[in-house]
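Peer 1: sharing a model prediction with you, sequence too.
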Amino acid sequence: MKHIFIINPTAGKGKAAKKIIPVINSYCKTHKLDAQLYVTKFSGDGMKYVEEIAKRGEPVRFYSCGGDGTLYEVVNGAYKYPNAEVASLPLGSGNDFARLFGKREDLTNLDSQVNGSVHKLDLIKCGDKVAVNQCSMGIDAEVCAKQAYFKKIPLITGEAAYTASLLYCLGKRLNSEFKVTVDDDRVIEGTMLFALCGNSRWYGGGYMGAPKAIPDDGLLDFIIVRKTVGRLKLAGLINAYKRGEHLDWDFTTFLRGKKMHIESKELAAVNVDGECEYVKESTFEIMPSALNFVIPANSTFYENTGRPSTKRDEKELAALYALNCKIFTAVFVKYIS
């Protein structure tokens, strides 16, 4: 299998990428991997390059070395091809999708990534693009759109940039008139702050927008927050929202399903894994088991999603080995010797 590292040179304000490149080169040389490094040149370059390689049909693992934006490009370039696998080395300032799989320092361990196991994850389809994490419309998406501006300010990272953008947007128009349809039968209309679709839990540099989402359960989490409170009260609820406590608010509707369609009377921001534009309607739909994603060998993904780990500790492996030896000996003595 070929191992290709897609590196965003601006990740972590440019410092993280410079540090990881010699580490990757040294590791690949020591372990004699069939590897290649590709440093992206502009927005969209990573997606185009990944697809060019993936469509050749040969087994390949792409390592997204950057933040959530880099992962978005790698996923969109790779997901159509069954021969392609995607791994994530979180080097950006947000790294929200990676949070579900463990600590950053563990996930940037190359040995753990190279020896990780492939697991099928769901995706969110939105037009001709897909998201692995979250999509939304309303003020939430407006905040994401403005976040890019604040990220350019020195010393402001993903979480701080999102908070600054959120406070900025609270001073603007908050509400939108939406008609939200879930699974073609449940309709919710009215004045809303935003409607969010979650495949995983965090976004915006640590905000838990979809606190119960699991990216391999074949379902999407839909969170609809209605406009029933003023700006000052909303500002006071920011920390609660960050902790994922908004599902208990009496002006929040929480649903699970496979499809959400949103119609707006006016142009509204739509966010697809941090990529934003302005539209009057959008559809978010589940693509079950659509991505070959690498779960690092030291990942806490299974524990974090409330399931027993597929990893076995040394004692369990030793016991299993001893049992297999006994079975082999018994079979050999009875039937072969």
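Peer 2: Happy to help now that I have it.
Peer 1: how about residue 215, secondary structure?
Peer 2: Using DSSP: H, G, I helix; E, B strand; the rest coil, the secondary structure recorded for residue 215 is coil.
Peer 1: wouldn't it be in contact with residue 199 here?
Peer 2: Yes - at 4.9 Å, residue 215 counts as touching residue 199 under the criterion of C-beta atoms under 8 Å. Glycine gets a C-beta too; all of them are placed from N, C-alpha and C.
Peer 1: and those two? Which one has more around it.
Peer 2: Between residue 215 and residue 199, residue 199 has the larger neighbour count (other C-beta atoms under 10 Å), namely 28 against 24.
Peer 1: now do the contacts for that one.
Peer 2: Residue 199 makes contact with 121-124, 131-134, 210, 213, 215, 220-221, 286, according to C-beta atoms under 8 Å, 6 or more residues apart in numbering.
Peer 1: shared neighbours of residue 215 and residue 199, anything?
Peer 2: With C-beta under 8 Å, 6+ apart, residue 215 and residue 199 have common neighbours 121-122, 132.
Peer 1: wait, a strand at residue 289?
Peer 2: Yes - the assignment for residue 289 (three-state DSSP) places it in a strand.
Peer 1: which residues touch the closest residue to it other than its chain neighbours?
Peer 2: Leaving aside its chain neighbours, residue 289 sits nearest to residue 120 (3.9 Å; criterion: C-beta to C-beta, 6 or more residues apart in numbering). By C-beta under 8 Å, 6+ apart, the contact set of residue 120 is 216, 289-293.
Peer 1: same list, the residues you listed, but as a markdown table with distance to residue 165 please.
Peer 2: Formatted as a markdown table, the contacts of residue 120 follow (distance: C-beta to C-beta, whole Å):
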| residue | distance to residue 165 |
| --- | --- |
| 216 | 30 |
| 289 | 34 |
| 290 | 30 |
| 291 | 28 |
| 292 | 33 |
| 293 | 29 |
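Peer 1: most neighbours among those residues, which one is it?
Peer 2: Ranked by neighbours (other C-beta under 10 Å), the contacts of residue 120 are led by residue 293, which has 26 neighbours.
Peer 1: pull the CA atoms of the host helix or strand of that one into CSV?
Peer 2: In this assignment (DSSP states H and E), residue 293 forms part of strand 275-295. Taking C-alpha atoms only, strand 275-295 is exported to CSV below (Å, rounded to 0.1, in the frame of the first residue of the first chain):
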residue,chain,number,x,y,z
GLU,A,275,-16.9,25.7,3.9
CYS,A,276,-19.5,28.4,3.7
GLU,A,277,-21.8,30.0,1.1
TYR,A,278,-25.2,31.8,1.0
VAL,A,279,-28.2,29.9,-0.3
LYS,A,280,-32.0,29.8,0.1
GLU,A,281,-32.3,26.1,0.6
SER,A,282,-30.0,23.2,1.4
THR,A,283,-30.3,19.4,2.0
PHE,A,284,-28.2,17.4,4.4
GLU,A,285,-28.5,13.6,3.9
ILE,A,286,-26.8,10.6,5.4
MET,A,287,-24.3,8.5,3.3
PRO,A,288,-23.9,5.4,5.5
SER,A,289,-20.6,3.6,5.7
ALA,A,290,-19.2,5.8,2.9
LEU,A,291,-15.7,6.5,4.2
ASN,A,292,-12.8,4.1,4.9
PHE,A,293,-11.3,5.9,7.9
VAL,A,294,-8.3,4.8,9.8
ILE,A,295,-8.8,4.4,13.6
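Peer 1: if you count contacts, what does it end up packed against?
Peer 2: The contact analysis (3 or more C-beta pairs under 8 Å, 6 or more residues apart in numbering; DSSP states H and E) places strand 275-295 against helix 68-78, strand 84-90, strand 117-126, strand 129-131, strand 134-138, helix 139-151, strand 259-272.
Peer 1: if you set the cut-off to 6 Å instead, what comes out?
Peer 2: If contacts are counted by 3 or more C-beta pairs under 6 Å, 6 or more residues apart in numbering; DSSP states H and E, strand 275-295 sits against strand 84-90, strand 117-126, strand 259-272.
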